[in-house]
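**Student:** how does the following fold in three dimensions:
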Amino acid sequence: MAFDFLYPTAEGRLFAYDSASQTTEAVDQGLQAFFILTLTDASDASTTHIPIWLKAVSSDSVLPTFDVWKYTIAAKAAPPTSDFPSEGSPENLPPTIVSDLWSGTYYSICPASVHESGEALILQYSELKLDGDAAWLADGMGLGSLDDELPATSVIACQGHAFSKPQEFLGITPNSYVDVNQPGERSYGLADYNAAANAYRAFYDGQSRTVLGTPVHFKDLRHDPPWFDQTTSAYLPPPPIVGSWKFILESVYKDVDSFGDPLGATCYYTDANFPSGAHRLYDPPGGNVNLPGWSSLPSCGAAQSNWDDFGPIGAFVLKHVIPAPPSS
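**Tutor:** Okay, here's the model as predicted:
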């Protein structure tokens, strides 16, 4: 079918909409879609047109009531690095009056590595804002093309990166337009979703302090009972030969504007059980209290009832607890 635009559900499931017939079709039913990406150079208003191939769709159920939809999206353009793999050439092409418009070799728009699948998630009703290393989602409702029946924008977030992880692994969405009668509506709110992305990035003092593939666990501090909790026994690795595993709070995260409280970590937790840099690129504050960004942060304290005062999401790391030898 021909379509005028694509739009996602709260879970990121894409539908194609045809204005003439006012019909919709889930992209996963047809398995692929083609459209043109137009890039405009603001300096001279020149445009570049890039054919896009939405090649494949997959889904996982992170929760019984939440499906995570992921897409292999490729562009007919030279990739910036070898991390963006070739997706080959489409076997079946849509009709066109322009010769060879869709034929050719396409490359993934998302990188692929040990920790990145090359797939993408779609974040409904949002747009991405950038300021140096800081990044956050803003409201995208009403920002779509004026000729669209559903004027809004969405963000394409590559799997394995900070802004896709809350939706993929925690089963929460950033949009704030909730219809409780629809499946997948677990809107965490834009600010709290940004806090979750900040936690995945270990963001503080204007920088991301983590690397891809670093093990870290998250707990919702905003709701009772928590919407997600990765500090339960279900997330523990096999028991060690000696001792046991224990989840230790690393820090609490909150999203604020540039004129308010700091973006990212708002407090740190340090005591005898504090782990040795499991999440961050640097020693934890317990080992280096003068580390930029940490020296001005308050302690989260030992009382769990107080953690939510600092933000909606807590980051935890595993501590290998070895019992003390018996006294002689």
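**Student:** so residue 18 touches residue 3, yeah?
**Tutor:** Yes. Using C-beta atoms under 8 Å, residue 18 makes contact with residue 3 at a distance of 5.1 Å. Heads up, the C-betas are built off the backbone N, CA and C, glycines and all.
**Student:** who has more neighbours, those two?
**Tutor:** Set residue 18 next to residue 3 and count neighbours by other C-beta atoms under 10 Å: residue 3 wins out with 20 against 14.
**Student:** OK, contacts around that one?
**Tutor:** 16-18, 25, 33 (C-beta atoms under 8 Å, 6 or more residues apart in numbering).
**Student:** helices of the stretch 151-300 of the chain, start to end?
**Tutor:** 165-169, 190-201 (DSSP state H, counting those that start in this stretch).
**Student:** need the winner for burial among those helices.
**Tutor:** Counting by mean count of other C-beta atoms under 10 Å, helix 190-201 has the highest mean neighbour count of the helices of the stretch 151-300 of the chain, with a mean of 25.
**Student:** give me the contacts around it.
**Tutor:** The contact list for helix 190-201 (C-beta under 8 Å, 6+ apart) reads 126, 135-139, 162-163, 165-166, 170, 172-176, 188, 208-210, 216, 218, 222, 251, 253-256, 263-265, 311-315.
**Student:** contacting residues for the nearest residue to residue 112 once chain neighbours are set aside?
**Tutor:** Counting by C-beta to C-beta, 6 or more residues apart in numbering, residue 118 is the residue found nearest to residue 112 once chain neighbours are left out, at 3.5 Å. Shown in contact with residue 118 (C-beta under 8 Å, 6+ apart): 72, 84-85, 108, 110-112, 158-159.
**Student:** from the residues you listed, which land in strands?
**Tutor:** 72, 108, 112, 158 (DSSP state E).
**Student:** who wins for most neighbours among those?
**Tutor:** Using other C-beta under 10 Å as the neighbour test, the ones in strands among the contacts of residue 118 are led by residue 108, with 24 neighbours.
**Student:** ok, it touching residue 73?
**Tutor:** Yes. If you go by C-beta under 8 Å, residue 108 and residue 73 touch, sitting 7.2 Å apart.
**Student:** all strands of the stretch 51-200 of the chain, in order?
**Tutor:** Ranges of strands in the stretch 51-200 of the chain, per DSSP state E, counting those that start in this stretch, are 66-75, 86-88, 106-108, 112-113, 116-117, 120-123, 126-131, 134-139, 155-158.
**Student:** right, so those strands: which one is the most enclosed?
**Tutor:** Most buried of these, by mean neighbour count (mean count of other C-beta under 10 Å): strand 120-123, with a mean of 24.
**Student:** contact partners of it?
**Tutor:** Contacts for strand 120-123 (C-beta under 8 Å, 6+ apart): 8, 12, 14, 68-73, 109-110, 137, 154-159, 163-164, 167-168, 173-175.
**Student:** the helices of the stretch 151-300 of the chain: which one's closest to residue 241?
**Tutor:** With C-beta to C-beta as the measure, helix 165-169 is the member of the helices of the stretch 151-300 of the chain nearest residue 241 (29.0 Å).
**Student:** show the pLDDT at the residue nearest to residue 308 when sequence neighbours are not counted.
**Tutor:** In this structure, residue 308 finds its nearest non-sequential neighbour in residue 221, 3.9 Å apart by C-beta to C-beta, 6+ apart. pLDDT, residue 221: 95.
**Student:** for residue 221, list the residues it contacts.
**Tutor:** Contacts of residue 221 (C-beta under 8 Å, 6+ apart): 252, 307-308, 311-314.
**Student:** try it again at 10 Å.
**Tutor:** Residues in contact with residue 221 (C-beta atoms under 10 Å, 6 or more residues apart in numbering) are 192, 195, 229, 249, 252-254, 304, 306-314.
**Student:** please pick the buried ones from those residues.
**Tutor:** Using 16 or more other C-beta atoms under 10 Å as the burial test, the contacts of residue 221 include 192, 195, 229, 249, 252-254, 307-308, 310-314 as buried.
**Student:** elements contacting the lowest-mean-pLDDT helix or strand in the chain?
**Tutor:** None of the helices or strands of the chain scores lower by mean pLDDT, DSSP states H and E than strand 207-208, at a mean of 82. Applying 3 or more C-beta pairs under 10 Å, 6 or more residues apart in numbering; DSSP states H and E, one finds that strand 207-208 contacts strand 134-139, helix 190-201.
**Student:** would you mind measuring from residue 175 to residue 83?
**Tutor:** Separation of residue 175 from residue 83 (C-beta to C-beta, to the nearest Å) stands at 30 Å.
**Student:** show me where pLDDT drops low in the stretch 1-150 of the chain?
**Tutor:** Within the stretch 1-150 of the chain, the stretches with pLDDT under 70 are 146-147.
**Student:** where do the helices sit along it?
**Tutor:** Assigned by DSSP H, counting those that start in this stretch, the helices in the stretch 1-150 of the chain fall at 27-30.
**Student:** quick one on the thing from earlier: which residues are common contacts for residue 18 and residue 3?
**Tutor:** By C-beta under 10 Å, 6+ apart, residue 18 and residue 3 have these common neighbours: 24-25.
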